[in-house]
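Peer 1: structure, please.
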Amino acid sequence: MSCYNRPMTTGSGLLEGLNPAQKEAVETVDGPLLIVAGPGSGKTRVITHRIAYLVREYEISPFNILAMTFTNKAAREMRERLDRLVGSRSDALTVGTFHSFCAKVLRIDGHNLGLDTNYSIYDADDQAKIIKDSMELAEIDPKRNPPRAILSMISNAKNKMWDSRAFTKNADNYFEEICAQVYHHYEEALTRNNAVDFDDLLMKTVQLLREFPGVRTKYNDRYKYIMVDEFQDTNISQYQLARLLAESHQNICVVGDPDQSIYSWRSADIRNILSFQGDYPQAKTIALDQNYRSTANILDAAKNLISINGQRIQKDLFTDNSKGDLVEIREAYDEGEEASFVISEAERLVRENGYKHGDCAVMYRINAQSRALEEACLHQGTRYRLVGGIRFYKRREVKDLMAYLHLVYNPNDDVNLGRVINVPPRGIGAKSMQQMGDWARSKNLGLFAAMQEVAAARLAGEDCPITITKKAATSFADFAVTLEKLIELSKREKVVDLVDRVVEDTGFRNFIQNSDDSPQERWENIMELRATAQEFNAEAPPDGLATLLERLSLVADVDNYEDADDSITLITLHQAKGLEFPVVFMVGMEEGLLPHSRSLDDEDQLEEERRLCYVGMTRAEKLLYLTRAFRRSIFGATRAGEGSRFLRDIPAELITSGSGPTNGSAGGTSRSFGKPGESKGPSWNTWQAPTPVINRAKPESARPTLSVGDSVRHNAFGEGVVTRVDVTASDTEVTIEFEGGVGQKRLLLSFAPLEKIG
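Peer 2: Below is the predicted model of the structure:
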């Protein structure tokens, strides 16, 4: 425990404007503390004021304080507030995401695990390349065993702190045994390339702190006060990391809300926050239960919904805001009519009620739902932005330039070398690359080191050590010489100057500006990346390059989200967490969609779906619309949709069905859901939904019996491999990875035209 037991100064004004619970949380300094923060309860304000209170009132050195959260956006907001509250001393605070913190720890102490300081962080595209190569080495057929499914299995294993050997021991079916074989080669490739993936950042940092007591003591001594935001979203690795960092002093404050735990699919474990008091018996618990965001009607609707869940910490949310409008529920015939209503209503609110387009967000359960909404926006001439579309850092020219920079920083990075060896074209064919790779492996060399051998032989007037064409040998040697010069430059040039030299010396500038594919737009993207690099120009070489690459490697979709007045936001419910909007439309409120069909026979998953709905509802400040369609094309079939059970969890006195038409073929009558306690399914007044045209369910005898690993054929999607089978009381849902770029689909056996093959 801390030796500090009273404030060193008083009267700073940090407590002004805080409600009693917020004030208590800020003033609770020593020992474990759990802050249960409801939506819109001002948790970021509490976190930042508590940190400022430690620094200004208790005179704790900012160097000894660590704050970790999940997104760069949240960390950036936290840092900006602390700059205002703490002033210049905030520079010494450690504030960032779990992954960025771990990246820095591994830069400093990863050598204990055999990781060089200039390691690369691989994104999903890089991982996919290594998985493909690893499957070839393991002689695993990618047509029968989808690489993405294998990578998902490996990620799950890493989140459990399993390396390839542990995964092999724990494999309990044929597909997992295959994954374990690939994992072994994948692990070796990462080590050979001096690289890590996102899961490694967490797993290796925990491993480092566990296995090296001296390193653990160093970080325990430095970080005497630790704060963890969004604690309900932590997985096993993140929870272990927090516990190890707070091991000696126990001054750990975690902030979160079990009612907003929605990421179990990426291994988040709600038990971490539910069992915090059991793990820390001396922990104090404070509930932030005053909501400052939503109207009373919206908050009451959300409270009634979430109260049904069992896995939660009880709190009594309230607000002093006005009652506001009732929650509006609308029904449409199909997803097209639903989308037309939503966009038309948003336009009406802008036109008649003084809202801006940027005040409106449309939220949905799965990405596939955005198609109808995008078409409605285009049809009505409404500007929109799709969160989670092609990100700036995923654009081809940006990825290529980043690959060059990664390679300059880490020449052992064969993945990024392979990406740019022919950008611009250098006349190096696939056969020459294969020969170079085979020779490099035979000599236990990386690709760059092998190319240096070719360059050295040419300089000495000797024969090329590899049996390749003279043209290929010359190209390899020239590439190696160019890269060597850039590596030397990186040790003394500022990062922006280095970017300029890379663009010029590799021929990348001419390649972009003379291309046939939108050269001006692509060059503007390069200049945008250069502007980003400018932010790190003050750092001494090569630290500026290291920081730039680390920042860009850890960018997520929502990190780039900024308010914009002129566009409606289209966003999934998962991505919307942490955001707020005056007007929210939640579409697709149907059984099988929200809640998702996978959850219907699993109480834990059903509770998470209810939490996801709760998160969406509590993003709304002034107006909340919940919409559903009677007929929807989803999961490979067009079928009638029953209204979501979550709609029936909202008391009748808090909802309205609106008035007038839904701007579609339905006509002009008002429609409403049945009152609580009535039988399942919607009730409507005078309007009767047309009988939808659906794919009739097949009898059980006509459905194939499928297991993970089976090959199947679909009438529309072609051939694929089963990666998951979920049996429910009424049906069986299978997850299939299809070939030919179709990707992953989830289908119901009662409807899907599937044939087992092979």
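Peer 1: wait, Ala283 sits on Gln277?
Peer 2: Yes - at 5.0 Å, Ala283 and Gln277 qualify as touching, with contact defined as C-beta atoms under 8 Å. The C-beta positions use only the backbone N, C-alpha and C, and glycine is treated the same way.
Peer 1: now do the shared contacts for these two.
Peer 2: Shared contacts of Ala283 and Gln277 (C-beta atoms under 8 Å, 6 or more residues apart in numbering): Leu34.
Peer 1: after the lengthiest helix in the chain, which helix or strand is next?
Peer 2: For the chain, the longest helix by residue count, based on DSSP state H, is helix 470-490. With elements assigned by DSSP states H and E, the helix or strand that comes after helix 470-490 is helix 495-505.
Peer 1: so which elements touch the helix or strand just after that next one?
Peer 2: Going down the chain from helix 495-505, the next helix or strand is helix 508-513, by DSSP H and E. Packing contacts for helix 508-513, counted by 3 or more C-beta pairs under 8 Å, 6 or more residues apart in numbering; DSSP states H and E, involve helix 396-409, helix 519-534.
Peer 1: and these: which comes nearest Leu201?
Peer 2: helix 396-409 (15.8 Å; C-beta to C-beta).
Peer 1: which outside residues touch the helix or strand that the closest one is followed by?
Peer 2: Following helix 396-409 in sequence order, the next helix or strand is helix 414-420 (DSSP H and E). Under the criterion C-beta under 8 Å, 6+ apart, residues 120, 122, 126, 129-130, 192-193, 195, 399-400, 403-404, 406-407, 433, 446-448, 506 lie in contact with helix 414-420.
Peer 1: how far off centre is helix 414-420?
Peer 2: 25 Å (C-alpha atoms, centre = their mean, to the nearest Å).
Peer 1: average pLDDT across that helix?
Peer 2: Regarding helix 414-420, the rounded mean pLDDT is 94.
Peer 1: cool, and stretch 233-253?
Peer 2: 92.
Peer 1: send me that stretch as CSV with only the CA atoms.
Peer 2: Provided in CSV are the C-alpha atoms of stretch 233-253 (Å, rounded to 0.1, in the frame of the first residue of the first chain):
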residue,chain,number,x,y,z
ASP,A,233,-13.5,-6.0,-21.9
THR,A,234,-10.2,-7.5,-20.6
ASN,A,235,-9.2,-11.0,-21.7
ILE,A,236,-7.1,-13.5,-19.7
SER,A,237,-3.8,-11.9,-20.9
GLN,A,238,-4.9,-8.4,-20.1
TYR,A,239,-6.2,-9.4,-16.7
GLN,A,240,-2.9,-11.2,-15.9
LEU,A,241,-0.9,-8.2,-17.0
ALA,A,242,-2.8,-5.9,-14.7
ARG,A,243,-2.4,-8.2,-11.7
LEU,A,244,1.4,-8.7,-12.3
LEU,A,245,1.9,-4.9,-12.6
ALA,A,246,0.1,-4.3,-9.3
GLU,A,247,1.5,-7.3,-7.5
SER,A,248,3.6,-5.4,-4.9
HIS,A,249,1.5,-2.3,-4.1
GLN,A,250,-2.1,-3.3,-4.9
ASN,A,251,-2.9,0.2,-5.9
ILE,A,252,-5.0,-0.8,-8.9
CYS,A,253,-8.2,1.0,-9.9
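Peer 1: so for that stretch, what gets flagged as buried?
Peer 2: 233-246, 249-253 (16 or more other C-beta atoms under 10 Å).
Peer 1: what about Leu706, which SS state?
Peer 2: Assigned with DSSP: H, G, I helix; E, B strand; the rest coil, Leu706 falls in the coil class.
Peer 1: and the gap between it and Val327?
Peer 2: 41 Å (C-beta to C-beta, to the nearest Å).
Peer 1: could you do Ala640 as well?
Peer 2: 24 Å.
Peer 1: also Ala296?
Peer 2: 11 Å.
Peer 1: out of these two, which sits in the busier spot?
Peer 2: Between Ala296 and Val327, counted using other C-beta atoms under 10 Å, Val327 has the larger neighbour count: 24 against 16.
Peer 1: the more buried one pairs with what?
Peer 2: Following DSSP bridges, Val327 is listed with bridge partners Ile655.
Peer 1: what's next to stretch 135-149, contact-wise?
Peer 2: Against stretch 135-149 from outside (C-beta under 8 Å, 6+ apart): 128, 131-132, 150, 175, 178, 181-182, 184-185, 709, 711, 719-721, 723, 737, 739, 743-744, 758.
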